[in-house]
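A.B. asks: Using only what follows, build the 3D model:
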Amino acid sequence: MSASIVLNAKDEISPSMKSIQANGKSLGRDFDELSGKIQALQEKNNALNKSYSTLNSQLVDAKKAVKDATAAYKEAATEENKTNLNNATYQYKSLSDQMKTFRDGSSDTRKEIRSLQEESRKLADGTRSSISDGSGGAFTALARAGLGQMVGQSVQQYANYMISSTFDSQTGNVLSSVLGNAISGAAIGSMIPGGIGIPIGAAVGAASGLLEGVTSNESSKDTAMQSYAQGLTQTAEANSANGLTSGSSTAAQRQQDKLSFATLLGSSAAADSVLGSIKTMANSTPYLYNDLTQIAKTLSVYGYDQSNIMGTLKTIGDTGSALSMSTSDMDSVAQILGYMGTSDTLDSMRLKQLRLKGINANQMLQDYYGISSTELNKRVSGGKISGADASSIILKEMENTYNGMMEKQSQTFAGLTSTLEGLQQEVQNAQGEGYNTTYSSGLQNQIDALSGNLGAKLESVNAIIGEAKGTKANIEAQIYQDVIGGVFNGDSAKEVSDEGTLDKISELRSDYLQASEEYRTGDEQGRMEAGAKMDSIMSQAEALASSSQDANTKLDVWDQSALDTASGVASIVTVLEAWRDTWDLNQTQSKGRNSYTGSNDDTNMGDISVSGNSTAFGLSYVPYNGYPSILHEGEQVLTASEARQRRTGKSTPSVTVTGNVFNVRQDSDIDAIAEALANKLEQKALAAEG
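C.D. replies: Okay, the predicted model is just below:
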């Protein structure tokens, strides 16, 4: 193993610096103490201002409340409105007084800050006058550094405002970071004599700021990518779950539809034929499968069969498309025509119902028979027209008048949308049919199990659990009665036996009796005070009852049950590693763009072209065979067996540097420190390899 440590330090200790060394330590402590006090006062002032702002907001609401209460009292001088006005006025005055307290406190705090700042300035002036010319340069540099940092912060704040107002967040972040670090670097560099440290510090700080800004921007891009990817994943999972739920529901409904049509039409074959035709119609018309199925079911109830149900359904659908009917209206038309077709005589009420749907059935019959409206009414009222004949005539006229309207309607935007929705339902139904068919056997297995011995055992277990929970509820209720009844009614305790609890019940009972007497004999103020005492007694009694329930030894078994459950579940999860799937998913979702692309395509940090996954910061575990990786000079690749031995063997060598203070008294100390660290590192490495 080889170790290389380079420390660059330069310590030029002039005779004048030696003469102020002891005095400098004391001076530094004084400055630190003053700075600490000023900072504490500034934080106090910020807190006062924050509280003042909060109260100011509340004061606006309080002022409005006073205004509203005043208006209400002027409108109706009731006792309630008077009380509301008094309360609102009191609240407003209270807030005003509090604001004055915070305002005065802030003013006093600012005075203290100015006083301490003046004391700090005098201390600095006294120091400069007491130090020789040779040492004055160093303290001037220190003062210049602190002043530069202070001015720099103000400049940076203004610059940040201009940057954020002019540029987007990505560009602004880089510029702000460059500017901030450049100012800090210049301030640090100003402590180097001769002024050469200022441009050097600024340059180093700007470079550091550029790297920080670019790194921050790339990190924000990773965050955006992760959020977007997680959103897409969650959407896909939700769509999958919704698709299965919807598809399963659709498939189950269609299974019920098949049973219904098989009963109405007389056979499963007839049902399959009709439902298949409905499916085809739904996929080419503006109506959905479920809507058409409902209308067809209505027709079948009134005697339509496999031979004429689809033709009638098409006629009603064309009519509905032409007259912009809802599917509910179309189903009503099917009911009217179906009822009409099963009647011996035509009912004028049915003709009126069809007119309300937009179908001029009267005119259709007049044209067919070649008669006037008056004559039609006479024949209808005289029972001269058969309902079945009228239904056939009207359907034929509807077909002649509105034929092909469903097809035309299907080419409109609304029709295309409906057709697409219908096809999407078919896609989901396919998943639902597959799921329902497969899971039906599992459902039957569960039914068989719960209807057999397992079901009986589970019923027994749940009966025992229910009994235990009922006993627990009874104990809790009795404890509550013991406490509340003991305090307010003087009842003897049946479940509570703890002496401390009984003493507290007795104490609250005594307080209650005293408050009751004060209420009985007191004036308005005394009655109010007695009521306030009773409110406190009630709250204490409720708390005592709850605490007594928690402390009851009979109920400790439930606390132990909760602990056993938590411990048992944790043990199960640990043994089975049931948590790993979730952990693996979280790890995958936490990966940034480099994990998938091998580089930040939008980042230009020089002529760097990479492909694969960077391992510059190490990789604890290679996740799969063929894993691409970018290796770097000085890195080490282990075999799987060596990696396992490393994980389970000796710990990684480490060197801990404590104190973080190196006393460099002369140039030779630098080499001594570097050599000592190098030796320590080499010893640790040899020990680990041995």
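A.B. asks: what comes up buried for whatever helix or strand Tyr368 lives in?
C.D. replies: According to DSSP states H and E, Tyr368 maps onto helix 361-369. Neighbour counts over helix 361-369 (16 or more other Cβ atoms under 10 Å) mark 361-362, 364-366, 368 as buried. For glycine as for every other residue, the C-beta is placed from the backbone atoms N, C-alpha and C.
A.B. asks: for stretch 578-593, same thing?
C.D. replies: For stretch 578-593, by 16+ other Cβ under 10 Å, it's Arg593.
A.B. asks: Same check on stretch 558-576?
C.D. replies: So, applying 16+ other Cβ under 10 Å, stretch 558-576 has no buried residues.
A.B. asks: for stretch 46-66, same thing?
C.D. replies: 48, 51-52, 55, 59, 62, 65-66.
A.B. asks: likewise stretch 326-339?
C.D. replies: Judged by neighbour count (16+ other Cβ under 10 Å), stretch 326-339 contains these buried residues: 327, 329-339.
A.B. asks: just those residues now: which is nearest Thr582?
C.D. replies: Of all the buried residues of stretch 326-339, Thr582 sits closest to Thr327, with 45.3 Å by Cβ to Cβ.
A.B. asks: Quick check: that closest one vs Ser410, distance?
C.D. replies: The spacing between Thr327 and Ser410, counted by Cβ to Cβ, to the nearest Å, is 15 Å.
A.B. asks: neighbours of Ile475, just the number please.
C.D. replies: Using other Cβ atoms under 10 Å, Ile475 has 15 other residues around it.
A.B. asks: ok, of the buried residues of stretch 326-339, which one's closest to Ser115?
C.D. replies: Closest to Ser115, out of all of those and judged by Cβ to Cβ, is Thr327, at 84.3 Å.
A.B. asks: From what I see, that closest one and Gln294 are in contact.
C.D. replies: Yes: counting by Cβ atoms under 8 Å, Thr327 touches Gln294, with 7.3 Å between them.
A.B. asks: care to break the chain down by domain?
C.D. replies: 17-221, 266-442, 457-551 (automatic domain parsing).
A.B. asks: Of all these, which one is nearest Thr639?
C.D. replies: Of the domains of the chain, nearest to Thr639 by Cβ to Cβ is domain 17-221, at 33.3 Å.
A.B. asks: buried stuff in the helix or strand harbouring Asp272?
C.D. replies: Using DSSP H and E, Asp272 falls within helix 268-282. Of the residues in helix 268-282, those with enough neighbours to count as buried (16+ other Cβ under 10 Å) are 270-271, 273-275, 277-279, 281-282.
A.B. asks: Need the mean per-residue confidence for stretch 240-259.
C.D. replies: Taken as a whole, stretch 240-259 carries a mean pLDDT of 89.
A.B. asks: Next, the buried residues of it.
C.D. replies: For stretch 240-259, burial by neighbour count (16+ other Cβ under 10 Å) applies to 246-248, 250-251, 254, 257.
A.B. asks: Could you measure from Ala236 over to Ala71?
C.D. replies: 58 Å.
A.B. asks: Also Gln425?
C.D. replies: 59 Å.
A.B. asks: Of those two, which one has the most company?
C.D. replies: More crowded of Gln425 and Ala71, by other Cβ under 10 Å: Gln425, with 19 against 11.
A.B. asks: can you pull the contacts of that one?
C.D. replies: Applying Cβ atoms under 8 Å, 6 or more residues apart in numbering, one finds that Gln425 lies in contact with 246, 250, 288-289.
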